[in-house]
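Colleague: Below is the structure, and that's it, no one-letter string:
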């Protein structure tokens, strides 16, 4: 193998070279990439020559695939591929993908098709580093907390921007209502790391009022989004970014004046999150079995 891993920042992100994504990967290459993902949380690879089929084949080496989304339509003839298109909305809000279901994706792959000449970066934050940054009393409190995650709002569209098309998109996004309770601190099943597990779909702390929940979630979120914990990725065309959805959040910056920006997303099915006491997440509302298998 000639894989080279180059850190981008001290706490998150690495560039990967020496991997040809257009051909089947050897087991040793997959193991090296998995180890790099466990360490760096987000990887950037060259994706020249990669198409939807190749992206799905790459992602499948990390586990079974989800479909594109529980409620949003896929790319034509590619049920595992979600178009992330500026014309369909903008995810300029911190979130972890699909945490409103019982077992959110373990990993997300994003492939750039069209990028604006400026702006359009994706921020990716390390929630394990955020957890380590917490003062000890706050860390002990977070270890005991559980949060309800829901899709019953649209994280990508501010209220003031909703027109008829956006209203239809919102209706589709919430066409199946999901409510799931996850630990605020999740134990990573491969590394044993503890990381915050919150983000935009986390709307309420179990046992607290909405107002109390918002204040506490905002406080915890402020550690996630510290600049030291964030990778700011400036896209070029034909790149593939992979991030560990179990222990990161991300944010697509809306700073490109409405110019075309299109990525394709493929996600890998995840396990049911587990908290520090060994208890699993539980579902309150919504069946996602059509969207994702449960990873072992």
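Modeller: Nice, I can see it. Note that this is a predicted model, so its numbers are computed, not measured.

Colleague: my guess is residue 242 meets residue 37, correct?
Modeller: Yes - judged on CB atoms under 8 Å, residue 242 makes contact with residue 37 at a distance of 6.3 Å. C-betas here are computed from N, CA, C, even on glycine.

Colleague: These two: who's more crowded?
Modeller: When residue 242 and residue 37 are compared for neighbours, residue 242 comes out ahead with 25 against 21, by other CB atoms under 10 Å.

Colleague: And the next helix or strand past the strand or helix carrying the more buried one?
Modeller: Taking DSSP states H and E as the criterion, residue 242 maps to strand 239-244. Sequence order places strand 248-252 as the next helix or strand after strand 239-244, per DSSP H and E.

Colleague: For the helix or strand just after that next one, the averaged confidence score.
Modeller: Next helix or strand after strand 248-252 toward the C-terminus (DSSP H and E): strand 262-268. Strand 262-268 shows a mean pLDDT of 97.

Colleague: Can you give me the buried ones in strand 262-268?
Modeller: Using 16 or more other CB atoms under 10 Å as the burial criterion, the residues of strand 262-268 that qualify are 263-268.

Colleague: From residue 34, how far out is residue 80?
Modeller: With distances taken as CB to CB, to the nearest Å, residue 80 is found 20 Å from residue 34.

Colleague: neighbour count winner among the two?
Modeller: Higher neighbour count among residue 80 and residue 34: residue 80, with 22 against 15, using other CB under 10 Å.

Colleague: For that one, which non-adjacent residue is closest in space?
Modeller: Spatial nearest neighbour of residue 80, chain neighbours left out: residue 65 (4.6 Å); criterion: CB to CB, 6 or more residues apart in numbering.

Colleague: per-residue pLDDT, the one you found?
Modeller: 98.

Colleague: next one: residue 31
Modeller: 97.

Colleague: Distance check, it against residue 108.
Modeller: Distance, residue 31 to residue 108, using CB to CB: 20 Å.

Colleague: Residues in contact with the helix or strand residue 109 falls within: which ones?
Modeller: Following DSSP H and E, one finds residue 109 within strand 107-114. Strand 107-114 is contacted from outside by 37, 47, 50, 55, 58-59, 62-63, 84, 97, 122, 235-246, 250, 260-268, 270, using CB atoms under 8 Å, 6 or more residues apart in numbering.

Colleague: so how far is that strand off the chain centroid?
Modeller: 11 Å (CA atoms, centre = their mean, to the nearest Å).

Colleague: Same question for stretch 269-284.
Modeller: Here stretch 269-284 is found 17 Å from its chain centre; the criterion is CA atoms, centre = their mean.

Colleague: What residues of stretch 119-131 count as buried?
Modeller: 120-131.

Colleague: Ok, stretch 227-244 next?
Modeller: Buried residues in stretch 227-244 (16+ other CB under 10 Å): 229-231, 233, 235, 239-244.

Colleague: And stretch 99-115, by the same measure?
Modeller: Buried residues in stretch 99-115, counted by 16+ other CB under 10 Å: 99-113, 115.

Colleague: Before we move on, what's the pLDDT of residue 173?
Modeller: pLDDT recorded at residue 173 is 86.

Colleague: From residue 151, how far out is it?
Modeller: To residue 151, residue 173 is 6 Å away according to CB to CB.

Colleague: Comparing those two, which residue is more hemmed in?
Modeller: residue 151 (24 against 20).
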